[in-house]
Structure formats: C-alpha cells, structure tokens
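S.K.: test case, fold it:
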Amino acid sequence: MNVRTQGTTTEQASSDACARASAMTAMTLPRVQVESGKTGPLIDATGMPASGSRKVIAFDSWTGGRVNLERLVEAFAHQGLDLLLIHLGSWGHDPGRLKEENLGCLPARDISYYGRGSFKDILLRERPGAVLFLSTQAFAHRAFNRYCLQLGIPTLHLYHGLISVQNTASKRLNPVNIRSQLALVWSRLAKNLFRLWPVYARALWQTGAPLRHWLWFGYDVWRQVSGQAYSAVAAPDTATTACCVYTEADISHAVNRYGVPRHAVFVVGNPDLTRFGLREDDIGICLSPGREATKEIVYIDTALIEAGAVFDDAEDFVRHLQETNALLARQGFQLMVKLHPAHFRTGVPNRLRELRIELCGNDEFVARLKASSGAIVEPSSAALVPALLGLPVLLARYGKLSGQEYGEVLTSYPRVRALHSLDGFIPLLDDIAKATRMDATRAWINANAGPLPPSKMPERVADVCTTVAKQGQQPS
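M.R.: Prediction:
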C-alpha cells in the first residue's frame with residue numbers, strides 16, 4: 001500500500017496533492033469502469049460528464065468534515081471533475097468562515113456567498129453534474145436533495161464512517177442522557193425554528209411533497225428531540241441516486257435505512273486506515289506468536305457527549321476517563337486516549353492534559369496500538385483499527401456506558417469481550433489469549449478490511465461519481 005509514513009508532513013502531502021489536482025483539472029481520460037452492472041465510455045470526448053458540467057457540489061452543514069472531501073480532490077481532477085464544498089457555516093454550524101476560501105485543496109463557499117439565493121437558486125446557478133452528501137439525515141441536506149431530484153441532478157451519499165460498529169437495529173444508537181439531550185435540543189432550537197425547519201418546509205412545498213412526506217417531517221422532529229433520528233428507517237427524501245460505503249458490512253444499512261437500491265451501493269474501502277497510517281502488512285500483525293506488548297491500553301472515544309448521549313457533559317466524561325485511568329493503573333496498566341475530532345470544541349483535551357492523561361494523535365495511533373496490550377473502545381469507526389491489527393478489543397460497557405450497545409461488525413470479532421467492570425480487566429485479557437482461534441480471527445479480518453489498498457478509496461469514489469453524473473436521473 002502506498003502510504004506516507006515518514007519524511008513527509010501532512011501539510012506537504014496536502015500541498016503536493018493540491019498541485020497535482022490543479023494540473024489534472026484540464027486532463028481528459030478516455031474511459032473509466034465501475035462494477036455497476038454497466039460498462040462502456042463514462043466520459044464523453046471532451047472529458048465531461050453526461051450532464052455537460054464538470055462541477056460536483058459537496059453539500060454539508062459545516063467545514064468540519066473537510067478531511068472526507070479534501071482527500072477526493074485529486075482523484076476527482078483525474079476524472080475531469082471539479083469538487084466544490086458549499087456549507088452552512090454562517091447559519092451557526094461553523095461561524096466565522098469566509099464567504100469563499102480554499103481549505104487546502106478544496107474550494108469552499110459559505111451559504112452567505114449566494115446572498116438571498118435559495119437552495120434551488122444555487123443549483124440553477126451552479127448547474128452541477130452531481131451533488132455529494134456526507135449525510136442525508138439533516139433537514140437542510142434533505143431540502144437540497146429534494147431540489148436535486150426535482151431538477152434531475154444525480155446525487156451520491158458518501159458514508160464518512162463505518163456505521164455497523166453501532167447497533168443499528170436498536171431504537172437508539174446510544175443511551176440518551178436526558179440532561180445532555182435537553183441541553184443539545186435547547187442549543188439548537190433557535191437555529192431549527194428560524195433556519196432549518198422553514199427551509200425544509202419550503203422545499204416540501206416547492207417540490208410538491210405528498211402528505212406522507214409532511215407527516216415524516218413531524219415524525220423526524222420528534223425523533224430529533226428524543227435522540228432517535230439516526231435509528232430505524234429514514235424518510236424517503238434521504239435516498240440518493242447512489243451510495244458509497246467503506247466495507248460490505250454497511251451495504252445492508254444503506255439499503256434498509258435509506259432505501260438505496262442494492263445495485264447502487266458501492267464498497268469503496270476504508271480511508272481511515274490510510275489516515276491513521278495502517279499499511280497492508282500491518283493487518284493481523286498482532287497475531288504473531290511471541291509478540292511482546294507494553295502495558296499501555298488505548299481508549300478509543302466517539303464523542304458521545306456531542307450526540308447528547310451517556311454523559312451529562314464534558315466534565316462528566318473527563319471523570320469517566322479519570323476513573324478508568326486510576327483503575328487501570330492499580331492493575332499495572334497505563335491509559336492512552338484517542339479522542340474523536342469533535343472534542344476540539346468540548347475542552348476535553350486540555351482537561352486530560354491537566355490530569356496528565358496521555359493523548360494519542362492520528363500520526364502515532366497505529367504505532368502505539370501495535371505495541372499495546374489492547375484497546376477499550378466506544379462504538380467508533382476507529383475501533384476497527386485495533387481489530388484489524390489483531391489486538392484484544394474490549395467493548396466499554398462499564399459505569400455510565402453499561403447500557404451502550406455495539407454493532408455486529410465489532411461483536412463478531414473473535415478477540416472481543418464486553419467490559420462490564422474494570423476490576424475484571426486482566427481476566428478478560430487472559431480469556432482472549434486462551435480462547436482465540438487464529439483461523440476465525442484471520443477470516444474476520446479478511447472480511448472486514450474492505451477493498452485494498454485503502455489508499456485507492458478516492459479513486460473508487462471518483463469512478464462512482466463519474467458514473468452517476470454520466471447516467472444522471474430523471475427530474476421529478
């Protein structure tokens with residue numbers, strides 16, 4: 001696998017990719033092929049998608065998901081496609097952004113760039129060949145998606161994590177903390193009342209939504225308030241022309257929740273493996289006989305407080321980690337915490353540094369895992385990494401996490417155990433060591449690694465997007 005690990009900084013790699021993307025924007029490729037059941041020329045003689053537009057709009061609520069888009073820019077340029085992020089930052093999701101800026105390689109515009117223009121006005125002005133979403137549950141995203149359908153613009157939903165680490169069959173993905181959930185609802189109430197719900201209601205009206213879609217609106221407001229928005233079947237207008245998932249484990253979720261036809265769901269690989277520096281020869285490396293491990297335990301967090309789940313607030317979560325650190329230390333282990341990126345706004349990183357609890361960054365994540373004794377995980381996409389290495393994985397179900405459920409992709413891993421009490425930590429590690437079936441573990445790893453190399457994920461997404469743009473969709 002071609003992954004940069006040493007000698008090149010992230011900034012240098014990004015700069016190099018930007019330069020290559022810029023040079024490739026005008027290139028024409030004669031043919032692209034995607035395993036979609038149809039083959040043939042997917043780009044016409046001018047290098048343009050069938051719609052005639054080279055532009056692909058990525059629509060999102062903020063710039064926080066830029067890493068999921070910036071990695072696509074060079075691959076899209078190879079296909080003759082120009083990727084543009086349009087976001088709603090000034091609506092409160094990401095205040096203070098410029099109206100127009102470059103986020104590394106990625107051109108980005110805040111919604112304020114278009115003045116009083118509506119979502120439909122933006123689409124008519126930009127005339128994209130396709131629109132890409134990282135999520136289609138949010139009301140604003142669904143409004144944009146409705147206008148795309150009305151105008152015959154094909155759409156692509158790109159999953160930005162592995163959903164099946166969560167128990168998607170549960171009524172709620174995570175146990176709701178009433179105090180935290182109410183605080184979350186209150187903090188977003190004005191934005192919903194005066195921005196998002198009116199925009200969505202207008203989209204329902206202007207696109208001639210049937211009565212059942214209006215009923216879905218009311219139902220989803222309730223699900224949003226009660227912390228059930230991401231469970232069960234989604235509203236009809238969350239469906240897109242096609243969908244890209246990281247691994248086969250998420251195919252059924254895309255089909256059953258969003259109603260995307262099976263033939264339109266594509267497995268493109270897990271870019272987190274590349275982002276964390278995991279090479280192909282690292283996969284299963286911790287299954288090697290005679291491996292010597294340090295006494296470090298890596299805790300992998302998924303920012304549950306940002307979803308109004310489990311913990312009262314940031315300080316409550318810090319106390320949870322502080323207690324975890326103390327109980328592990330009594331048993332001779334040292335805690336290292338891998339925080340979710342959303343904690344940049346919670347203050348948790350600074351509090352943990354004050355408590356001398358070590359944090360683990362992306363650049364050292366895999367190296368520290370490879371040397372560790374195992375991982376305690378919340379339902380995070382990053383929880384797949386220690387499993388792919390072959391490490392013991394303990395599902396956090398102790399303390400306030402006692403009611404937390406996990407998806408089959410994690411519970412089916414042969415070297416996983418549920419951690420109900422830190423007092424039983426060492427016996428669980430011993431049980432994993434004694435009961436591990438290497439053949440079953442390697443089979444699980446092969447089934448859940450996704451298409452390799454993961455570094456080719458952007459090219460696979462670009463192939464799908466080109467196909468989608470070429471084939472288009474009929475306006476409603």
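S.K.: just so I have it, where are all the strands in the protein?
M.R.: 55-60, 82-87, 100-103, 106-110, 130-133, 155-158, 242-245, 265-267, 296-300, 334-338, 358-359, 374-377, 393-396, 416-419 (DSSP state E).
S.K.: any stretches of the protein with poor pLDDT?
M.R.: Applying pLDDT under 70 to the chain flags residues 1-52, 170-176, 181, 229, 473-476.
S.K.: can I see the domain layout of it?
M.R.: The chain breaks down by automatic domain parsing into domains covering 10-270+454-471, 279-448.
S.K.: export the ones you listed to a markdown table and append columns for mean neighbour count.
M.R.: Yep, even glycine has a C-beta here, placed from its N, CA and C like the rest. Converted to a markdown table, the domains of the chain look like this (neighbours: other Cβ atoms under 10 Å):
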| stretch | mean neighbour count |
| --- | --- |
| domain 10-270+454-471 | 18 |
| domain 279-448 | 18 |
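S.K.: so what's the closest residue to residue 113 other than its chain neighbours up against?
M.R.: Distances taken as Cβ to Cβ, 6 or more residues apart in numbering place residue 99 nearest to residue 113, at 4.4 Å, with adjacent residues excluded. Remark: with contacts taken as Cβ atoms under 8 Å, 6 or more residues apart in numbering, residue 99 is in contact with 109, 110, 112, 113.
S.K.: ok, these vs residue 205, which is closest?
M.R.: The closest of the contacts of residue 99 to residue 205 turns out to be residue 112 (Cβ to Cβ; 23.8 Å).
S.K.: OK, contacts around the closest one?
M.R.: Contacts of residue 112 by Cβ under 8 Å, 6+ apart are 90, 99.
S.K.: try residue 444
M.R.: 387, 412, 413, 414.
S.K.: re earlier: export the strands of the chain to a markdown table and tack on distance to residue 278?
M.R.: Formatted as a markdown table, these follow (distance: least, Cβ to Cβ, whole Å):
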| stretch | distance to residue 278 |
| --- | --- |
| strand 55-60 | 26 |
| strand 82-87 | 25 |
| strand 100-103 | 25 |
| strand 106-110 | 24 |
| strand 130-133 | 25 |
| strand 155-158 | 20 |
| strand 242-245 | 19 |
| strand 265-267 | 18 |
| strand 296-300 | 14 |
| strand 334-338 | 13 |
| strand 358-359 | 19 |
| strand 374-377 | 14 |
| strand 393-396 | 15 |
| strand 416-419 | 18 |
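S.K.: among those strands, which is nearest residue 200?
M.R.: strand 55-60 (13.8 Å).
S.K.: what sits up against that closest one?
M.R.: Here strand 55-60 has contacts from 69, 76, 81-88, 123, 126-135, 141, 144, 465, 469, using Cβ under 8 Å, 6+ apart.
S.K.: relative to it, what are the paired strands and their orientations?
M.R.: In the sheet, strand 55-60 lines up against strand 82-87 (parallel), strand 130-133 (parallel) (DSSP bridges).
S.K.: widest-spaced pair of the contacts of residue 99?
M.R.: So, these by Cβ to Cβ: farthest apart are 109 and 112, at 8.6 Å.
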